[in-house]
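Peer 1: dropping a prediction and its sequence here:
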Amino acid sequence: MNNVSGLPLFRGFAGYRPEWVRNDISAGLSIAAVGLPSSIAYPAIAGLPPETGIYASIVAAIAYAIFGASRRLTVGPDAASMTVIAAAITTIIAGMPAEDPADRVTIAGLLAVGVGCICIAASLLRLGVLATFLSRPILVGFFAGISVSILIGQLGRMTGVKIESDGLFTPLMEFASKVGLIHWPTIALTAFMFIVLIAAKAVRSPVPGPVIVVVLAVVLSSLLDFQSMGIAVVGEIPHGIPSFSMPAFSGVPLDSLIFGSAAIFLVSFGSGIVTARSFGVRTGDPVDANRELVGLGSAQVASGLFGAFPISFSDSRTAINLSIGGQSQFASLVSAASLMAALLFLNDALRILPVAALAAILVSAAFSLIDVGELRAIWRINPMEFAFALISMWGAISFGVLNGVVIAIAATLVYLLRGMMFPRDAFLGRIEGRDGFYKLHHVAEAKAVPGVVVWILQGSLLFFSADYVRERLREITSVLPADTRWFVIDAGAIAQMDSTAAAMLEEVRVEFEERGIQLCLAELHAEARSLLERAGLIERIGAAHIYEDLDDALQAFHTLGAGKSEQFNAIDGKS
């Protein structure tokens, strides 16, 4: 594998095998066929000419194939990113002098370069760690969500009805209100193409179903003149291939450019890394978010330098790649070459390609991506995590990719924080003739040590859990036998402490002292001990009552000749 200044190149071709060539070629042709309509349509959202979308699909794919980390992810124009790009371009134009002509293509190119630089800087700062907040249930749910989104998004293409709304229920309601406008020849063509896809898969055709569909659809369109029948076709495709051009910076406000680039970065990385990890779960391929930032950033810069705009990881193109069996980034290169060939030689053929055929391909891929079995497994293992999977799916469908993930992550963090707010605890005792300490409510043979309570807290002791722990200790204190002399806290399972915890322990120490009970700590971590020393608690407890382990504490208790106490089996812990 080649390297440039230590940067690994062509990771997407690692372990390449000759037998992958056929699948990669088929996948690349299918990616190009499916990606072409969106490449033409999406630029209009930002007021850009259609060829910029094709240029982005070509140069970004080549750049990611060189610098990207994944073998099967694909990049290209993304509808969610385009809305932010449109807003950024509008803001930049509003801040430019009235006498300076605003070139939207130039501004889009500058934004792409800016987003790419931010991606690479984020990789150097290892900010890809943010992606680790996305749990497996969230990814599975998100995967189902984008699958449903693909299905809903193809409703207009499948029926010939123009759907203008977004989300899940709104497009369905809009479709219901326009049911009288259904174009039945379009539905018939979609159904026929879908049947062809199913048949090709059932007979294990050596030629992938999407390729068969594209070729068959073009032939039928030529013979039957679909356009005259009212069936939508792709339409004119501009000639020419992308060429290098440094976008001019003159007159563009720097602050608006930086702010716009940052906003697009958040959307493209936020949605893109979720797509990457979602498909990584599907394929079993590991996803290194920091390396993906390098690949995505390189693709952004290349897109900006060749007359295009910022891109993202493409869920629909990656879905097609996986469904056909693409194995490496060679599929992306084939896709890029196919699009260049289309610009040069296949304009007349692709112009009459019916959009309904492409909708059938996307619908087929979407159905294959909803992992019902995995959702059932999550429900069986942990219903709460299943709820998060549904939240992630609902968010991705109803609020878009980024907002959906933010909702799911927020729900997950609330769930985790709630668990941390109520750490588990237990009372420990000894078994005669055996070493070590055992939880009294787990092991029937374990008995409390007379005169001393040995108590373990399992979890962090921080500001959000300190009140609960204080009340729990007061609850315990209220039922302690009168002859209890020592209360030993096993701190070995306390991962973190803060100043609020130190103040709480001081309150507990004073309350214990008033009852004639000595507070002791055992197995304190070095960081926690240092914090308690700075807080003065170690001095007030007494350094002699801070022990390396529970055995030392118990030996010290017996050496001091403490009185006998009852057992504490009745005071059940919570772990």
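Peer 2: Looks like it came in fine.

Peer 1: helix, strand or coil: sort out the spatially most central residue of the chain for me.
Peer 2: With distances taken as CA atoms, centre = their mean, V274 lies nearest the centre of the chain, 2.8 Å away. Applying DSSP: H, G, I helix; E, B strand; the rest coil to V274 yields a three-state assignment of helix.

Peer 1: was I right about it contacting L139?
Peer 2: Yes - the criterion here is CB atoms under 8 Å, and V274 meets it with L139 at 7.3 Å. C-beta here means a position set from N, CA and C on the backbone, and glycine is covered the same way.

Peer 1: let me know how buried I397 is, in neighbour terms.
Peer 2: Per other CB atoms under 10 Å, the neighbour tally for I397 reads 23.

Peer 1: packing partners of the host helix or strand of it?
Peer 2: I397 is located in helix 383-399, with elements delineated by DSSP states H and E. Counting by 3 or more CB pairs under 8 Å, 6 or more residues apart in numbering; DSSP states H and E, the packing neighbours recorded for helix 383-399 are helix 136-153, helix 372-381, helix 401-421.

Peer 1: for stretch 532-551, buried residues please.
Peer 2: Of the residues in stretch 532-551, those scored as buried under the neighbour-count criterion (16 or more other CB atoms under 10 Å) are 532, 535, 537-538, 541, 545-547, 550.

Peer 1: that should have said stretch 29-36, apologies.
Peer 2: 29-36.

Peer 1: which stretches of the stretch 401-550 of the chain form helices?
Peer 2: In chain order, the stretch 401-550 of the chain shows helices spanning 401-421, 466-477, 499-514, 526-534, 537-541, 550-559, with DSSP state H, counting those that start in this stretch as the criterion.

Peer 1: G373 is nearest to which of these?
Peer 2: When the helices of the stretch 401-550 of the chain are compared for distance to G373 using CB to CB, the nearest one is helix 401-421, at 20.5 Å.

Peer 1: and the closest one, what's its mean pLDDT?
Peer 2: Across helix 401-421, pLDDT averages out at 72.

Peer 1: cool, stretch 503-520 as well?
Peer 2: Confidence over stretch 503-520 (mean pLDDT, whole number) is 94.

Peer 1: pLDDT weak spots in the stretch 351-500 of the chain?
Peer 2: When residues are selected by pLDDT under 70, those of the stretch 351-500 of the chain lie in 369, 400-406, 408-409.

Peer 1: picking up where we left off before, may I see the buried residues of the helix holding I397?
Peer 2: For helix 383-399, the buried set under the neighbour-count rule, 16+ other CB under 10 Å, comprises 385-399.

Peer 1: that older thread, what distance do you get for the residue nearest to the centre of the chain to A263?
Peer 2: In this structure, V274 and A263 are separated by 17 Å, where distance is defined by CB to CB, to the nearest Å.

Peer 1: quick one: residues contacting A302.
Peer 2: Listed by CB atoms under 8 Å, 6 or more residues apart in numbering, the contact partners of A302 are 59-60, 62-63, 116.

Peer 1: try 10 Å
Peer 2: A302 makes contact with 55-56, 58-64, 66-67, 75, 112-113, 116, 242, 244, 308, 311 under the criterion CB atoms under 10 Å, 6 or more residues apart in numbering.

Peer 1: with A232 instead?
Peer 2: 37, 156-157, 160, 162, 183, 186, 226, 354-356, 359.

Peer 1: tally of neighbours for L339?
Peer 2: Residue crowding around L339 was assessed by other CB under 10 Å; the count is 28.

Peer 1: output the contacting helices and strands for the helix or strand where it lies.
Peer 2: Using DSSP H and E, the secondary-structure element containing L339 is helix 330-344. Here helix 330-344 is seen to pack against helix 21-41, helix 51-67, strand 75-76, helix 315-324, helix 347-351 when contacts are counted using 3 or more CB pairs under 10 Å, 6 or more residues apart in numbering; DSSP states H and E.

Peer 1: what helices or strands is the longest one leaning on?
Peer 2: By that I understand helix 21-41. helix 51-67, strand 75-76, helix 79-94, helix 209-224, helix 315-324, helix 330-344, helix 347-351, helix 355-369.

Peer 1: please apply the same query to the last one.
Peer 2: Taking 3+ CB pairs under 10 Å, 6+ apart as the contact definition, the neighbouring helices and strands of helix 347-351 are helix 21-41, helix 209-224, helix 330-344.

Peer 1: give me the contacts around that helix.
Peer 2: When contacts are defined by CB under 10 Å, 6+ apart, helix 347-351 is touched by residues 32-33, 36-37, 40, 214-215, 218-219, 221-222, 227, 233-239, 339, 341-343.

Peer 1: now do the buried residues in it.
Peer 2: Neighbour count says helix 347-351 has 349-350 buried, by 16+ other CB under 10 Å.

Peer 1: circling back to that earlier point, list buried residues within the contacts of A232.
Peer 2: Neighbour-count burial (16+ other CB under 10 Å) applied to the contacts of A232 gives 37, 156-157, 160, 183, 186, 226, 354-356, 359.

Peer 1: pick out whichever of the residues you listed sits closest to I195.
Peer 2: Nearest to I195 among those is A356, at 12.9 Å by CB to CB.

Peer 1: for the closest one, what are its contacts?
Peer 2: Residues touching A356, when contacts are defined by CB under 10 Å, 6+ apart, comprise 154, 157-160, 183, 185-194, 217, 226, 231-233.

Peer 1: give the buried subset of the residues you listed as a ChimeraX selection command.
Peer 2: For the buried members of the contacts of A356, the matching ChimeraX selection, counting by 16+ other CB under 10 Å, is:
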select :154,157,158,159,160,183,186,189,190,192,193,194,217,226,231,232,233
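
Peer 1: quick one: which of the contacts of A356 sit in strands?
Peer 2: For those, not one is inside strands, with DSSP state E as the criterion.

Peer 1: picking up where we left off before, of the buried residues of helix 383-399, closest to F175?
Peer 2: If you rank the buried residues of helix 383-399 by distance to F175 using CB to CB, I397 comes first, at 15.3 Å.

Peer 1: state the distance from the nearest residue to E507 once chain neighbours are set aside to V454.
Peer 2: Once its chain neighbours are removed from consideration, E507 has its nearest residue in R470; the separation is 6.5 Å (CB to CB, 6 or more residues apart in numbering). As defined by CB to CB, R470 lies at a distance of 19 Å from V454.

Peer 1: which of those two has more residues huddled nearby?
Peer 2: Legend: neighbour count by other CB under 10 Å for R470 and V454, higher for V454 (25 against 17).

Peer 1: so who does the more buried one touch?
Peer 2: 426-430, 437, 440, 448, 486-490, 520, 522, 550, 553-554, 557, 568.

Peer 1: out of the helices and strands packed on helix 383-399, indicate the one that is most buried.
Peer 2: Comparing the helices and strands packed on helix 383-399 by mean neighbour count (mean count of other CB atoms under 10 Å), helix 136-153 ranks first with a mean of 24.

Peer 1: cheers, nothing more for now.
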